[in-house]
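A.B. asks: What follows is a predicted structure for the sequence shown.
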Amino acid sequence: TETLPAGATVVKAVSGLRFDAAEYGPVKAGEVLIGYANEDSIRHTLIIAKDDMKVPNFKLVIANKGSVDSGTVNLDAGTYTILCDVPGHGNMKATLTVE
């Protein structure tokens, strides 16, 4: 079983096409470790955007219930949007605060 790394900021995809929280953080600027867990039965992704610009080279994918993914992304201080870019999942949005 895959597990999420210690110290990660954990985001969960839950049923109803949503994340488990509306806001995450604050996390410290620099290398931010994000963990993504699927508590839903369908595939979800996680990308991060700032001012409608996608943060390059970062995408987590969780294919089915129970799967996890994680990765590190370098973020400056600011407010970011976490979203799922699977078609039809546009209401999966949350705020990530980096300071």
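C.D. replies: That came in fine, so what should we check first? Values in this document were obtained by computation on a predicted structure and should not be read as measured data. Numbers count the residues shown, from 1 in each chain.
A.B. asks: where does the nearest residue to Gly66 once chain neighbours are set aside land on pLDDT?
C.D. replies: Take Gly66 and drop its neighbours on the chain: the residue closest to it by CB to CB, 6 or more residues apart in numbering is Asn38, 6.5 Å away. Where you see a C-beta, it was placed from the backbone N, CA and C, and this is true even at glycine. Per-residue pLDDT puts Asn38 at 98.
A.B. asks: shouldn't Ala49 be in contact with Asp85?
C.D. replies: No: under the criterion of CB atoms under 8 Å, Ala49 is not in contact with Asp85, lying 9.4 Å apart.
A.B. asks: Which parts of this structure are strands?
C.D. replies: Using DSSP state E, the strands of the chain run over residues 9-14, 18-19, 23-27, 30-38, 44-50, 53-54, 60-62, 68-75, 78-83, 93-98.
A.B. asks: so how many other residues sit close to the residue nearest to Gly66?
C.D. replies: Residues lying near Asn38 (other CB atoms under 10 Å) number 20.
A.B. asks: And for His44?
C.D. replies: Neighbour number of His44 under other CB under 10 Å is 27.
A.B. asks: Who does it form a beta bridge with?
C.D. replies: Beta bridges link His44 to Ile62, judged by DSSP bridges.
A.B. asks: Quick check: the gap between it and Ala77.
C.D. replies: Applying CB to CB, to the nearest Å, the value for His44 to Ala77 is 27 Å.
A.B. asks: still on that earlier bit, which among the strands of the chain is found nearest to Thr3?
C.D. replies: strand 68-75 (6.8 Å; CB to CB).
A.B. asks: Give the pairing partners of that closest one; include direction for each.
C.D. replies: Strand pairing for strand 68-75, determined by DSSP bridges: strand 30-38 (antiparallel).
A.B. asks: Buried residues, the partner strand. List them.
C.D. replies: 32-38 (16 or more other CB atoms under 10 Å).
A.B. asks: out of those residues, what pair is the most spread apart?
C.D. replies: Most distant of the buried residues of strand 30-38, by CB to CB, are Val32 and Asn38, 20.1 Å apart.
A.B. asks: Glu2 is nearest to which of the strands of the chain?
C.D. replies: Glu2 sits nearest to strand 68-75 of all the strands of the chain, at 4.8 Å, using CB to CB.
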